[in-house]
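In: After the sequence you'll find the predicted model.
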Amino acid sequence: MTSSAAVPRSPSRRLKTWLLSDSPESVFHARCQRLYLGWRVFSINPIAMTGLLIIVSLVLAAALAPLLTQGDGTEQVLSRRLLPPGAEHWFGTDELGRDIYDRIVWGSRITLYIVGLVGVLVVPIGLVIGTVAGYVGGWVDNVLMRFTDIFLAFPRLILALAFVSALGPGIENAVLAIALTTWSPYARLARAETITIRNSEYIMAAKLQGASGWRILYGHIAPLCISSVIIRLTLDMAGIILTAAGLGFLGLGAQPPLPEWGAMISTGRQYLLDQWWVATVPGIAIFVVSLGFNLLGDGLRDVLDPKGGGTG
Amino acid sequence: MAHSGNPIAGTGTGSSPRLFVARAANLLFTLSLTFVGLTAITFIIGRVMPADPVLAIVGDRAPKEVYEAMYVKLGLDKPLIQQYLIYLVNVLQGDFGKSIMTTRPVLDDLIRFFPATFELASIATIAGVFIGVPMGVVAAVRQGRLTDHIVRVVGLIGYSVPIFWLGLMALLVFYARLEWLPGPGRIEVYYDGIVEPTTGFILIDSAMQKEWEVFHNALSHIVLPAAMLTTFALAYIARMTRSFMLDQLNQEYVITARVKGLSEMAVIWRHAFRNVLIQLITIIGLTYASLLEGSVLTETVFAWPGIGQYITNSLFNADMNAVIGGTVVVGICFVGINMISDALYRIVDPRARR
């Protein structure tokens, strides 16, 4: 209502005043404002921006892989085995004469595929179990949380190992194994959030309007749990990548000739002493990507969860 | 800080013996439920494993009758639930079955392999605490300054690096190139068997028997794998210490202490840090437990004869009893350590004792 005080000239100025005005006029307006304010906190944080840059590069590398490489990373040129990094092969070649740069770029697709699938599996399971337990309470809560605690108490990597060896090696099974050992903290998190929200006034209001339990759960409670679940997921991504790489390293993840980074380290291990680059380069790739997710998660926590203890 | 394991769950207000009994019963119930769940899931995994346990024993050229006899002998013809119950009863009596690979009882194997893992995880945890805690405190005190950022980045690096790869790189640099440290393994072959195992910890055994040459050799072998695990422990502990310390430094009693004219060192270490210490118990317990299980990859890289290597080797050989036994034992240690740290927390913190 005070917007007519001074009419800004340039469109970017006008956009800015629109984004910063004290009285949002619609839900859309309010959402844009919140995004913008979050972005302002986020974008002055160098750590978070570095993380974002890394993840955006990863996504771009995965999307543009055919343009960035000459082959699909599986062509073998046996006359060019184990060449050191140079002008023609930036990261050198491996024991079958495959270009390591190509394989790293194509491997980014596998990495994204794994973390994406794990996220898609883990978040709904955790949300459903956690919100139902927290909202319904009583014996349902008890049973669900005991069940969650059992999974929480498990040695995760060893359980994932056992799962994969039972299901047989392969990417999908590795994803399933990781998801089965990762979902439990999300259920706990969602339950804790639900319990704090459960008795708030707007939930009462929704109840008075006759909303059913399910409607309250997925319409009013679950959306509020999302932000902490997303932060947790971003911070967990690095762990997921490391576990997947570890499974690949042990030969239980993606199978050859797929250019999975952990499996690449495993083959490079035999040539470690004389051809160091074969094992070194994929390790750096794993490190950079998981560092990116950690940095991004840290920054996101600062933006979305101001009480989380981070500094801006 | 959303973290698993809630140490202050159920801090009631009354303090009657009845409450205590109720809590003890609850604890016992949780423990047994976790145990049953742990064994059930690992048992099911072991049973659906595609590898045929009968073939692993009799070989693939055995006649059909021998195969059938072994099938019945292993109890595989019974319903799954009955097989599980038999297994559970045996486990409760300390019988995990026989390992196909080593032909010894699994429990004996586990007892033989466990100290190596235990030694490694203990050293890494201790090192992680002694380096990580001061780092976290300093970072919190100098919040937002360069020191804080450095500690934060170091922590994030420790979190992000694939430990098995770091291990390979460390071997490449310190063993192959610089030749400062020995290669994989727990001890040089020609020192093997000199020291009588009493505790199973080579370092302690050799020191007790004054075999200093063996001690030095074992020490030089443990440096690299322990350093790898320390990287992870350090990152986690420093990060949590920083965030706990920040919470405390914003409390009003810290202002009071400052107003009273106490020196900054006294405020930080005598007032704020003492409260952090209590919270750290849980974190250290969690670190320890996760190092016990997380050393699988490190043990593989450094050929460390611990329980992680035992489990992975058994996995590849379809040695079902060994896999299940190992997983159950590691799981029990995992749960046990967390429970002990919870109990310690209650003892140390008067607020949680009520």
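Out: Received it, and whenever you're ready, just let me know what you need.
In: Tell me the buried residues in stretch B:219-229?
Out: By 16 or more other C-beta atoms under 10 Å in any protein chain shown, the buried positions in stretch B:219-229 come out as B:Leu219, B:His221, B:Ile222, B:Leu224, B:Pro225, B:Ala226, B:Ala227, B:Met228, B:Leu229. No exception for glycine: its C-beta is placed from N, CA and C like everyone else's.
In: who touches the first one in this structure?
Out: Read that as B:Leu219. The contact partners of B:Leu219, by C-beta atoms under 8 Å, 6 or more residues apart in numbering or on different chains, come to B:Leu203.
In: For the stretch 1-150 of chain A, give me the ranges with low pLDDT.
Out: Low-confidence segments of the stretch 1-150 of chain A, defined by pLDDT under 70: A:1-8.
In: Check it for the residue nearest chain B and tell me.
Out: Here the stretch 1-150 of chain A gets closest to chain B at one residue, A:Ile150, 3.5 Å apart by C-beta to the nearest C-beta.
In: how much space between that residue and B:Ala22?
Out: Per C-beta to C-beta, to the nearest Å, A:Ile150 is found 22 Å from B:Ala22.
In: Also B:Leu229?
Out: B:Leu229 is 39 Å from B:Ala22, where distance means C-beta to C-beta.
In: Could you do A:Tyr36 as well?
Out: 52 Å.
In: Same check on B:Val276?
Out: As judged by C-beta to C-beta, B:Val276 and B:Ala22 stand 31 Å apart.
In: what do you get for B:Ile41?
Out: As for B:Ile41, its distance to B:Ala22 is 28 Å (criterion: C-beta to C-beta).
In: With neighbour numbers in mind, choose between these two.
Out: More crowded of B:Ile41 and B:Ala22, by other C-beta atoms under 10 Å in any protein chain shown: B:Ile41, with 21 against 13.
In: got a list of what that one touches?
Out: A:Ile150, A:Phe154, A:Leu159.
In: By neighbour count, which of those wins?
Out: A:Phe154 (26 neighbours).
In: That one contacts B:Ala40, correct?
Out: No - contact criterion C-beta atoms under 8 Å: A:Phe154 and B:Ala40 do not qualify, at 11.7 Å.
In: and A:Arg81, how many neighbours?
Out: Applying other C-beta under 10 Å, we find 15 residues neighbouring A:Arg81.
In: Next: A:Ile221.
Out: Neighbour count of A:Ile221, defined by other C-beta under 10 Å: 23.
In: Grab the longest helix from the chain for me.
Out: Since you didn't name a chain, this refers to chain A. In chain A, taking DSSP state H as the definition, the longest helix is helix A:100-136.
In: The chain in question should be chain B.
Out: Across chain B, the longest stretch assigned as helix under DSSP H is helix B:212-249.
In: which parts of that one are buried?
Out: In helix B:212-249, counting by 16+ other C-beta under 10 Å, buried: B:214-215, B:217-219, B:221-222, B:224-249.
In: Just the mean pLDDT for it, thanks.
Out: Mean per-residue pLDDT for helix B:212-249: 88.
In: who touches the next helix or strand after it?
Out: Note on helix B:212-249: by DSSP states H and E, the next helix or strand toward the C-terminus is helix B:252-259. Residues from elsewhere that reach helix B:252-259 (C-beta under 8 Å, 6+ apart): B:Gln248, B:Ala266, B:Val267, B:His271, B:Ala272.
In: do that again at 6 Å, thanks
Out: B:Val267, B:His271, B:Ala272 (C-beta atoms under 6 Å, 6 or more residues apart in numbering or on different chains).
In: tell me which of those is nearest to chain A?
Out: For the contacts of helix B:252-259, with chain A as the reference and C-beta to the nearest C-beta as the criterion, the closest is B:Ala272, at 14.2 Å.
In: if I look at the spatially closest residue to the closest one that is not a sequence neighbour, how far off is B:Ala235?
Out: In this structure, B:Ala272 finds its nearest non-sequential neighbour in B:Gln248, 4.2 Å apart by C-beta to C-beta, 6 or more residues apart in numbering or on different chains. To B:Ala235, B:Gln248 is 21 Å away according to C-beta to C-beta.
In: Pretty sure A:Ala190 sits against A:Cys225.
Out: Yes - look at A:Ala190 against A:Cys225 with C-beta atoms under 6 Å: they come within range, at 4.7 Å.
In: The two: which has the busier surroundings?
Out: Per other C-beta under 10 Å, whichever of A:Ala190 and A:Cys225 has more neighbours is A:Ala190, with 30 against 24.
In: How about the contacts made by the more buried one?
Out: By C-beta under 6 Å, 6+ apart, the contact list for A:Ala190 reads A:Gly126, A:Leu127, A:Gly130, A:Thr131, A:Cys225.
In: Any residues of chain B in contact with chain A? List them.
Out: Contacts of chain B with chain A, taken as C-beta under 6 Å from any C-beta of the partner chain, map to B:2, B:4, B:33-34, B:37, B:45, B:48-50, B:143-144, B:156, B:159-162, B:164-165, B:168, B:172, B:176, B:243, B:246, B:293-294, B:296-297, B:315, B:327, B:330-331, B:334-335.
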